[in-house]
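> any chance you could fold what I've pasted below:
(one chain, ligands or ions: 1)
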Amino acid sequence: MNVEIRELTEKSARLVISGVTPPLVNAIRRTLLSDVPKMAIEDVEFHMGSIMDEEGNEYESAAPLFDEIIAHRLGLIPIPTDLERFLPRDKCTCGGEGCPNCTIIYSLNKRGPCTVYSGDLEPVGDKTLAVKDDLIPIVKLNKDQALLIYAIAELGTGRRHAKWQVCSAVGYKYYPRVTVDADKCTLCGDCVSLCPPKILEVKGKSLKVTEPEACTLCNSCVEVCPKDAIKVEGDDSRFILKFETDGSLSAAEAFRKALEILEESYEDFRTSLADIES
Ligand SMILES: [Zn+2]
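Predicted structure coming up:
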């Protein structure tokens, strides 16, 4: 398997993967969606009763949204994840009770009138674990309303709940191969105007494919060509894979982790097979 990077930003990637089969590239897609772990808020504790501020003003522990909705919204906030540092809670030495090796505790203390944002979550202890996307609105508090919350984040995967899904918009296509038969092509230009990604161009006395990788394999050019001069094929051993992350992991980290997980799964499968045979 060979991977060429076409585009790589903190939160997105476009890669050309060659020397693989369609089932393998699909396994990478599914692993990116369901098996790459990340931290997300799972437990939320709401302070009940009145809340006093430093000046002695009294607020009601209330918000226009139900606590369940607020907890759900908190769960969807991307939490910065260091996979080297955190263990799944059920596999931690604390026995699942929660400790700095498997959980991050955030506190939120806001008094209305105001809008509560994701950035109002403050990590208890290590400040480097602060939420990076700090302008996600959670709820608007009215006058005399306040929220005092403790939220606990833990590792999980998209298989359990979508809030632990690191990657979104994961898709791949067969690597396009567009060939033009210069003997048959009359340079009529019908295909040029019809091509949705506009990658065909009549240049001098020939029809050129300007950006073959942008081809969507829609075959519009093949269908409109009166002379059968264009052929569009997808290479089933080479693929263009695109995906985005929510920011909890970088695109490079998510891809690396997905390959690591796949490798482990194949190894497990091999061992299980060997056990059956012996
Ligand atoms: Zn623990």
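> C-alpha only now, for contacts and for neighbours.
Noted.
> now the element after the strand of greatest length in the chain, going C-ward?
In terms of residue count, the longest strand belonging to the chain (DSSP state E) is strand 230-245. Moving toward the C-terminus from strand 230-245, the next helix or strand (DSSP states H and E) is helix 251-277.
> quick one: list the elements packing against that following helix.
Taking 3 or more C-alpha pairs under 8 Å, 6 or more residues apart in numbering; DSSP states H and E as contact, the helices and strands that helix 251-277 lies on are strand 12-18, helix 22-34, strand 230-245.
> so which residues make contact with the worst-scoring helix or strand of the chain on mean pLDDT?
Lowest mean confidence among the helices and strands of the chain (mean pLDDT, DSSP states H and E): strand 50-52, at a mean of 89. With C-alpha atoms under 8 Å, 6 or more residues apart in numbering as the test, strand 50-52 has contacts from E58, Y59, E60, S61, A146, L148.
> contacts only, for the second one.
Remark: with contacts taken as C-alpha under 8 Å, 6+ apart, Y59 is in contact with S50, I51, M52, D53, R111, D144, Q145, A146.
> for it, which three-state class applies?
At Y59 the chain is in strand, as set by DSSP: H, G, I helix; E, B strand; the rest coil.
> measure it to S50 for me?
6 Å (C-alpha to C-alpha, to the nearest Å).
> residues of the stretch 101-250 of the chain that sit close to the ion?
Contacts of the stretch 101-250 of the chain with the ion, taken as C-alpha under 5 Å from the ion, map to N101, C102.
> which parts of the stretch 101-250 of the chain are strands?
Assigned strands in the stretch 101-250 of the chain, in chain order: 103-111, 114-117, 122-123, 137-141, 145-156, 167-180, 200-203, 206-209, 230-245 (criterion: DSSP state E, counting those that start in this stretch).
> please identify the most buried of those strands.
strand 145-156 (a mean of 22; mean count of other C-alpha atoms under 10 Å).
> OK, contacts around the residue of the stretch 101-250 of the chain found nearest the ion?
Residue nearest to the ion within the stretch 101-250 of the chain (C-alpha to the ion): C102, separated by 4.3 Å. For C102, the contacting residues are F86, L87, P88, R89, C92, E154, L155, by C-alpha under 8 Å, 6+ apart.
> then S12?
K242, F243, E244, T245, S250, A251 are the contacts of S12 under C-alpha under 8 Å, 6+ apart.
> what does the pLDDT read for it?
At S12, the model reports a pLDDT of 98.
> quick one on the thing from earlier: reformat the contacts of C102 as CSV; add secondary structure, distance to E233 and pLDDT.
Output for the contacts of C102, formatted as CSV (DSSP: H, G, I helix; E, B strand; the rest coil; distance: C-alpha to C-alpha, whole Å; pLDDT from 0 to 100):
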residue, secondary structure, distance to E233, pLDDT
F86, coil, 45, 95
L87, coil, 45, 95
P88, coil, 44, 95
R89, helix, 48, 94
C92, coil, 50, 95
E154, strand, 45, 97
L155, strand, 42, 97
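> show me which of the residues you listed is closest to the ion.
So of those, ranked by how close each gets to the ion (C-alpha to the ion), first place is C92, at 4.5 Å.
> please verify my assumption that that closest one contacts N101.
Yes: taking contacts as C-alpha atoms under 8 Å, C92 lies within contact range of N101: 7.3 Å.
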